[in-house]
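> test case, fold it:
(chains A, B, C and D)
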2 protein chains.
Amino acid sequence: MVQLGRHYGTGPASLAEIAAEEDLPRAYLEQLVVSLREVGLVTSTRGAHGGYELARPPETIRMSEVLRALEGPIAPMLCASDDPEHATLCDRSSYCTVNILWVRVRDAVVGALYSMTLADLVPPRVPAVSPSSPRHYREP
Amino acid sequence: MVQLGRHYGTGPASLAEIAAEEDLPRAYLEQLVVSLREVGLVTSTRGAHGGYELARPPETIRMSEVLRALEGPIAPMLCASDDPEHATLCDRSSYCTVNILWVRVRDAVVGALYSMTLADLVPPRVPAVSPSSPRHYREP
DNA sequence: GCATATCCGACGAAATCACTCGGATATCGA
DNA sequence: TCGATATCCGAGTGATTTCGTCGGATATGC
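Numbers count the residues shown, from 1 in each chain, chains lettered A, B, ... in the order given. This next block holds a predicted model:
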């Protein structure tokens, strides 16, 4: 999907191209790309020979950003959401000790996503040992 | 849900009790507990004054076991499943470099779940600093 | 034998996910 | 200026999953 990181630097890529490469319906990609544009991850140029390109170099794009853009705030349960805005605490919030489990899980997920950038996912030639530093650490 | 860890040592607890405490429909709990029994996490005694109890002390029950029992093999995407059995690789398996991302995420989740036991979730009096060792480590 | 339980299987409503459709608007090249 | 090629936009559909229901069979203690 977001493997248009591959095209970075080669000018805008049309959805028709990407659809062909990824074997996904163009109309569907259209929808996805809207979210990406809204958060400023990709820029679009309209008209003939237009298309989309990354707004920043792939190395600087955390996968956590991408996933958040595509699937909304990342939360294993709604009582443990990334976004304080959407964190609706369940009615049991007082009893429920399980919450800390979900928070822990969420942090783990965010950490994993944050530790990888788009650049890590564009088909590398020899990815035997991971290029960047794929350790667990927290988001700022 | 699995807060019948609270009752550990006090004999079997009926679903009616638990339903009342947790404010969940008894019929629903019934369904859940089936999965838990199948994997041997709880034992049941039928008849009057029967009910369910934990098969092992709460400290020895990893949350990863519980979640796996309740929600099946843990996998953010089906191409990155815990259980090799259910790991159906998507048709793009050749192209798809994203897989390693999901595997990374899955490991992070499993690690987080594995680092917590049921005992960590039964309402502790003063849980300020976590009792066991809630670090990130891998499942064997 | 009767009240209290677990067992079992199928069913139903609501939400989510992946995807579609139709058409308006912008831009480049000839 | 025209037309081909794009993005833009918003509503709509179909399958799957999730949470929960219902009815009744079976086992056990008093």
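> correct me, but residue A:80 touches residue A:98?
No. Assessed by CB atoms under 8 Å, residue A:80 is found out of contact with residue A:98, at 9.3 Å. Any C-beta I mention is one placed from the backbone N, CA and C, and that applies to glycine too.
> just give me the neighbour total for residue A:115.
Other residues within reach of residue A:115, judged by other CB atoms under 10 Å in any protein chain shown, total 23.
> equivalent analysis for residue A:106, please.
Neighbourhood size, residue A:106 [other CB under 10 Å]: 20.
> how near is it to residue A:21?
Going from residue A:106 to residue A:21 by CB to CB, to the nearest Å gives 33 Å.
> kindly report the same for residue A:41.
19 Å.
> what separation do you get for residue A:43 and residue B:122?
Relative to residue B:122, residue A:43 is positioned 51 Å away (CB to CB).
> how about the residues of chain A that lie near DNA strand C?
A:24-25, A:27-28, A:30-31, A:45-50, A:71 (CB under 7 Å from any atom of the strand).
> show me which pair in the residues you listed is furthest apart.
The widest separation within the residues of chain A next to DNA strand C, taken as CB to CB, falls between A:48 and A:71 and amounts to 32.2 Å.
> more crowded one of those two?
residue A:71 (10 against 5).
> pLDDT value on the residue most central in space within chain A, please?
Nearest to the geometric centre of chain A sits residue A:66, at 1.6 Å (CA atoms, centre = their mean). We have a pLDDT of 94 for residue A:66.
> the longest helix anywhere in chain A and chain B in contact?
Using DSSP state H, we find that the single longest helix of chain A is helix A:99-114. Yes. In terms of CB under 8 Å from any CB of the partner chain, part of helix A:99-114 sits within range of chain B, namely A:100, A:101, A:104, A:105, A:107, A:108, A:109, A:111, A:112, A:113.
> most neighbours, which of these?
Neighbour counts for the residues of helix A:99-114 next to chain B, by other CB under 10 Å, peak at residue A:112, which reaches 25 neighbours.
> how much space separates the nearest residue in space to that residue that is not next to it in sequence from DNA strand D?
Leaving out its chain neighbours, the residue that sits closest to residue A:112 by CB to CB, 6 or more residues apart in numbering or on different chains is residue B:108, at 3.9 Å. Here the criterion is CB to the nearest atom of the strand, to the nearest Å. By it, residue B:108 lies 19 Å from DNA strand D.
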